[in-house]
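Peer 1: Can you look at this prediction? I've put the sequence above it.
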Amino acid sequence: MPLWKILPVALIAYLLGSIPTALIYSRIVKGQDIRTLGDGNMGARNTKRIFGWRAGVIVALADILKGWAAVWLSIALALPESLHYICAALAVLGHDFSIFARFKGGQGFAVTTGIFLGLFPLFTLIATALYGVIYFATRSSDLAAGIGMGLIAAAQWISGAPFYSVVFIVIVLLFIPLKKWIDKPRRLAIEQQHLHPS
């Protein structure tokens, strides 16, 4: 496929992922900047921690939608399957390093759910239901996410899906804790600022 056809779709996928939903919500609805609140993360979890469950759900759903939309676009245009995965990866990178927020972003769990919903809809819906059950039983989002998302990789493997799809899932999931590690210095700086305001 010619590069001139691929680049616009790839760019749109990145820009969709880059929409800073948590920042938009915090500024428009609350008149504050989420980057200076809580741990400074521009994601649904920090939004929920600062503004409550309703705000967290709104941001999470918006992030899921933008990830799904990036994949849906490549599928709707009947692009090769490899480009579905490229668009999915670019949506995650856009969320984590948003061009609209000085290349800051969230840690990518919700947008990852969105791209998985576009790529593996049935397995993702089952995993999301499992996430909800485990979360309400344990109140541990990390545990619920690990098991739920791990189920998607396992289901892909067992179903005989191409090996590259399983590798893609693992890499994208590992990027979540990696992004958390990347954000650690900024998070510590913000927490110190809260403890010792000038």
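Peer 2: That came through, no problem. These figures come from a predicted structure and were not determined experimentally. Numbering: from 1, shown residues only.
Peer 1: Only C-alpha atoms from now on, for both contacts and neighbour counts.
Peer 2: Fine.
Peer 1: separation between the nearest residue to Arg186 once chain neighbours are set aside and Gly56?
Peer 2: Distances taken as C-alpha to C-alpha, 6 or more residues apart in numbering place Gly40 nearest to Arg186, at 7.6 Å, with adjacent residues excluded. Distance, Gly40 to Gly56, by C-alpha to C-alpha, to the nearest Å: 14 Å.
Peer 1: Low-confidence ranges, this protein, go.
Peer 2: Counting by pLDDT under 70, the ranges of the chain that qualify are 1-2, 191, 194-198.
Peer 1: what about the helices in it?
Peer 2: 3-18, 21-28, 44-51, 53-76, 81-96, 109-119, 121-138, 141-158, 163-195 (DSSP state H).
Peer 1: Kindly reformat those helices as JSON lines and extend each row with mean neighbour count and distance to Arg35.
Peer 2: Below are these laid out as JSON lines (neighbours: other C-alpha atoms under 10 Å; distance: least, C-alpha to C-alpha, whole Å):
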{"stretch": "helix 3-18", "mean neighbour count": "19", "distance to Arg35": "15"}
{"stretch": "helix 21-28", "mean neighbour count": "20", "distance to Arg35": "7"}
{"stretch": "helix 44-51", "mean neighbour count": "21", "distance to Arg35": "9"}
{"stretch": "helix 53-76", "mean neighbour count": "22", "distance to Arg35": "14"}
{"stretch": "helix 81-96", "mean neighbour count": "25", "distance to Arg35": "13"}
{"stretch": "helix 109-119", "mean neighbour count": "26", "distance to Arg35": "18"}
{"stretch": "helix 121-138", "mean neighbour count": "16", "distance to Arg35": "26"}
{"stretch": "helix 141-158", "mean neighbour count": "17", "distance to Arg35": "21"}
{"stretch": "helix 163-195", "mean neighbour count": "15", "distance to Arg35": "9"}
